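>>> take this sequence and fold it.
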Amino acid sequence: MPELFLFNIAASVLEKIAPLAVEEVSLAFHVKSDLKRLQETVRSIQAVLLDAERQQHHNEKLRLCMWKLRDIFYDAEDVIDEFECEALRKKVANHPSISLKVRRLASFSFPLSFSLKMGHKIREINRRLDELATEWNSFNLGQGGDNRHVINRVRESYSSVNSSDVIGRDVDKENLINLLMKPSELEPVIPIVGIGGLGKTTLAQLVYNDDRVTRVFPLKIWVCVSEEFNLTRLLKLIIHSITKEDKYDDSSTIEALQNCLRSLLNDKRCLLVLDDVWNEDRVRWIELRNLLMPMVDSQSRIIVTTRSLKVASIMSSIPPYELNGLPHKDCLTLFAKWAFNDGDHERRHPNLMRIGEEIVKKCRGVPLAVRTLGSLLFSKTDESDWNSVRDNEIWRLEQSENDILPVLKLSYNHLPSHLQRCLAFLSLYKKDEIYFRDDVIQLWMANGLLEHSNRKQEYWEDVGSRYLKELRSRCLIQEVMYDGFYFTFKMHDLIHDLALDVLQKELKTVDCQTVSVDTRIRLLLICDDKPLKIPQILKKLKHVRTVIIQEVSKDSILGCISYFKYLRALNLSNSSLEALPYSIGGLKHLRFLDLSYCRSIRKLPSSFCKLRSLLTLKMRGTPLMQLPDSMQSLIELRHLEITIEAKNLAEIRPGCWSCLQYLCLFGCDNLECLYEGMQHLTSLRSLFLVRCYKLISLSRSLKLLTKLEDLRILQCRAINLQMEPEEEEHHQDVHFRLKTFSIKWSDALTDLPRLLFEGSSTTLQHIIIHACYKFEVLPEWLKNLTSLQKLEIKYCSRLSALPEGMDRLTELRRLKIEGCPTLTKRCRRDGGPDWRKIAHVQEVDIK
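Modelled structure (predicted):
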């Protein structure tokens, strides 16, 4: 079922109105009063939205009314954003080097003509809300608390299982039994973790009913915890599982339950299965654990099944057993078992089985998905039915409560509201695509999905990283790679289907077959190489906020872009475009623009500097002759990737780009030096230099970038890392925040930047040095980097020894040395003279 995200949109509207409603902001009187009226109306609606969300699933009229509200709130957000765009325009026009954050609108005066125009738009929003008021009030909604888990389903599970019905879990069963039998006095809890429908409960049932387990654990207890992790309730369930009697009512005290349980357990060796645990409150778990463990034998065990890595870490100190999907062959066997009523299906229905193979691939190893689609086709022998299931997305197929999508939806319902919307946005990417952390966070940021942080020194980018960690902990995304710099991840196809399902009213994929599009959609994917009728369709989509163009001739689309006047994000990467239209300057709300690898674009139109709201600009691999000086008026810019053919870059003026967090210079073949005025990038946290072959040194002003955390240098073959004259090296009391440093394929590197490294001695965690063939000596002062956790050195053939004092690096956890013949010999465990320096390191990998 599609989601409205109404609570989040209302919160965003209120957040944007708040700074405009203060007395210091100068607006025409009636505009200020109209704004305050809008604020009060949205606030009163938001107060009852939680109750509306509870009731909408069985009240179609209410749900339709909420969809109307969503459109009005979105339009209100667009209108209010125009105030910020105007403030930004005026600030840049009057103060080209302004560094004040424009989002703070205190003491700001808007022109009368602008106020009158906006007043008309706000009154129109209020009028539409008034029209809806009678219908909205008729639902008699009440104010609710802040608990948003309003549609949770009570799930039941049981211990019995027919093992002949279970396919492909023999290895997992043996692994779990081995863990159970392994003596341990330290950790009695074994968590099983995986997405919904993967078979965690089934695996626990198989282990629970195995004869070997029964012999070792004479007392076995099965409890389906579900979402209510209440101590009294759980004690009753445990007692009931042992006695099979309901002898305690709601008035029973914890003391009475504890006494009963003590007499039943009586120091016996028992196996307790806590199935389907969602609780993330560590205090509640400790209360239950401390009550249970003194009553049982020390070799008792607890198996926990959960969809959350966070739950697993709360309940156990050992790594969880992360359940994987079934192999394709086992899935095919399971599918046939549910789709056919006989064992002779391959001979009798060979054509159906060929289609079935394709259907099973859609399930990506998830048994419940296989069962769902197999059951859907049970007793159907018409090939058209099978082709329909094969060719449709799973979220479009009819499903019952216990089928795969409703089961996965439980994980979605349990997310905080801000994460629900962020997860849904991941469906903008193709299935099987590798997601890059920074790309995802920038897209979220452009669409206003990141909440303001109350944490000190937490930037928008940090909030986005925190969101991704939370989604990872709930098994909704899976990590592909994290090397200290890059974080990439993927999403299971079924989670992608779930995200598509909840976002279906906002997202539309358009190709040459598309004949109509709902004009209220906000997210647009254009995927085809024959966009014959697309432009005419697109002209009607005036409320679109994000456009991603894939596998299509961008030239035919660009004429429509100017119609999307509220566009926040535009991806034109890998395009054959030769130039951007002048009209692109009219996209005053645009916050994200990806022009990566548009190899025919050599310069930007003069109107480009009007994109004042831009937060992210990606032009990696787009060979601009020079970056226009007017680009420095983009004072909100936070992420910049560029390729420049010039030898020198324009000087950065004070106050310009003062919000910039990430700067990548990519493939600047002729570049000889970095920006003058680098010291004015006062917010810069990441600097990435790639394939700048003539770049000789880092800017000396780099030493003034005290917020720099990541420095990566790749294939800059002429670069050395001299930043300061030798005589100044020991006389500067400068503190940096560098956390990660990487340099690869430099023919000129002979030394590391002492000032930068020692200034970051309490923060620097990762150092990577690859293929620096003239690099001969690690400096003695390396021992001062007391926070260093990872050191990786590859193919530095002249490097012959480790410096003294390496044993002082007590935080060093991982050391990797590869392709350094002399150093490798000296670091051998069996008598290498440098082994004593690194013997304390937990993980040493020497090749």
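>>> ok, now which ones touch residue 758?
Residues in contact with residue 758 (C-beta atoms under 8 Å, 6 or more residues apart in numbering) are 781, 784-785. Every C-beta, even on glycine, is put in place using the N, C-alpha and C of the backbone.
>>> switch to 6 Å and redo it
residue 784 (C-beta atoms under 6 Å, 6 or more residues apart in numbering).
>>> what about residue 9, distance to residue 567?
18 Å (C-beta to C-beta, to the nearest Å).
>>> those two: who's more crowded?
The residue with more neighbours, out of residue 9 and residue 567, is residue 567; 26 against 23, by other C-beta atoms under 10 Å.
>>> who does the spatially closest residue to residue 430 that is not a sequence neighbour form a beta bridge with?
Among residues not flanking residue 430 along the chain, residue 550 sits closest, at 7.5 Å (C-beta to C-beta, 6 or more residues apart in numbering). Residue 550 forms beta bridges with residue 527, as assigned by DSSP bridges.
>>> name the nearest residue to residue 284, ignoring sequence neighbours.
In space, residue 284 is closest to residue 229, 5.3 Å off (C-beta to C-beta, 6+ apart).
>>> likewise for residue 17?
Leaving aside its chain neighbours, residue 17 sits nearest to residue 39 (4.7 Å; criterion: C-beta to C-beta, 6+ apart).
>>> which positions within the helix or strand harbouring the one you found qualify as buried?
Element membership for residue 39 (DSSP states H and E) is helix 29-47. Of all the residues in helix 29-47, those buried under the rule 16 or more other C-beta atoms under 10 Å are 31-32, 34-35, 37-39, 41-42, 45-46.
>>> so which elements touch that helix?
Applying 3 or more C-beta pairs under 6 Å, 6 or more residues apart in numbering; DSSP states H and E, one finds that helix 29-47 contacts helix 6-17, helix 112-137.
>>> pLDDT on the longest helix along the chain, on average?
Longest among the helix segments of the chain by residue count, using DSSP state H, is helix 60-94. Mean per-residue pLDDT for helix 60-94: 91.
>>> mind listing what's buried in that helix?
By 16+ other C-beta under 10 Å, the buried positions in helix 60-94 come out as 62-63, 65-66, 69-70, 72-92.
>>> next, the angle helix 112-137 makes with it.
170 degrees (axes from the mean of the first three to the mean of the last three C-alpha atoms, to 10 degrees).
>>> where's helix 60-94 relative to the chain centroid, distance-wise?
Relative to its chain's centre, helix 60-94 lies at 25 Å (C-alpha atoms, centre = their mean, to the nearest Å).
>>> same check on stretch 515-531?
The answer for stretch 515-531 is 25 Å, by C-alpha atoms, centre = their mean.
>>> repeat for stretch 642-652
Distance of stretch 642-652 from its chain centroid, counting by C-alpha atoms, centre = their mean, is 33 Å.
>>> residues in contact with that stretch?
The contact list for stretch 642-652 (C-beta under 6 Å, 6+ apart) reads 619, 621-626, 629, 666-668, 670, 672, 675-677, 680.
>>> just the CA trace of it, in PDB.
This file holds the C-alpha atoms of stretch 642-652, laid out as PDB (Å, rounded to 0.1, in the frame of the first residue of the first chain):
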ATOM      1  CA  ILE A 642      35.000  19.000 -11.100                       C
ATOM      2  CA  THR A 643      37.400  18.400 -14.000                       C
ATOM      3  CA  ILE A 644      39.200  21.400 -15.300                       C
ATOM      4  CA  GLU A 645      41.600  21.700 -18.300                       C
ATOM      5  CA  ALA A 646      43.200  24.900 -17.100                       C
ATOM      6  CA  LYS A 647      46.600  25.100 -15.500                       C
ATOM      7  CA  ASN A 648      45.400  27.200 -12.600                       C
ATOM      8  CA  LEU A 649      42.200  27.600 -10.700                       C
ATOM      9  CA  ALA A 650      40.600  30.900  -9.900                       C
ATOM     10  CA  GLU A 651      41.300  32.300  -6.400                       C
ATOM     11  CA  ILE A 652      38.700  31.600  -3.800                       C
END
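>>> strands of the stretch 251-400 of the chain, start to end?
Along the stretch 251-400 of the chain, counting by DSSP state E, counting those that start in this stretch, strands occupy 270-277, 301-306, 321-322.
>>> nearest to residue 702, of those?
strand 321-322 (41.9 Å; C-beta to C-beta).
>>> pull up the pairing partners for the closest one, direction included.
In the sheet, strand 321-322 lines up with strand 189-193 (parallel) (DSSP bridges).
>>> quick one, the partner strand and strand 301-306 angle?
Using the same axes, to 10 degrees, strand 189-193 lies at 20 degrees relative to strand 301-306.
>>> and the contacts of strand 189-193?
With C-beta under 6 Å, 6+ apart as the test, strand 189-193 has contacts from 179, 200, 302-306, 309, 312, 315-316, 320-323.
>>> 7 Å - rerun?
Outside strand 189-193, the residues that touch it by C-beta atoms under 7 Å, 6 or more residues apart in numbering are 179-180, 200, 203-204, 301-306, 309, 312, 315-316, 320-323, 475.
>>> just to revisit the earlier point, which residues are in contact with the residue nearest to residue 430?
525-527.
>>> sorry, back to before: identify the farthest-apart pair in the buried residues of helix 29-47.
In the buried residues of helix 29-47, the most distant members under the criterion C-beta to C-beta are 31 and 46, with 22.3 Å between them.
>>> neighbours around residue 383, how many?
Count around residue 383 with other C-beta under 10 Å applied: 14.
>>> so it is in contact with residue 350, correct?
No. The criterion here is C-beta atoms under 7 Å, and residue 383 misses it with residue 350 at 11.3 Å.
>>> and the residue lying farthest from the centre of the chain, what pLDDT?
Distance from the C-alpha centroid of the chain peaks at residue 263, with 48.3 Å (C-alpha atoms, centre = their mean). The score at residue 263 is 91. That number is its pLDDT.
>>> go on, the one 4 residues further on?
Reading off the confidence values, residue 267 has pLDDT 87.
>>> next one: phi and psi at the closest residue to it other than its chain neighbours?
Nearest non-adjacent residue to residue 267, counting by C-beta to C-beta, 6+ apart: residue 297, 5.7 Å away. Note on residue 297: backbone dihedrals following degrees, to the nearest 10 are phi -60, psi 150.
>>> count of neighbours near residue 297?
Neighbour tally, residue 297, other C-beta under 10 Å: 16.
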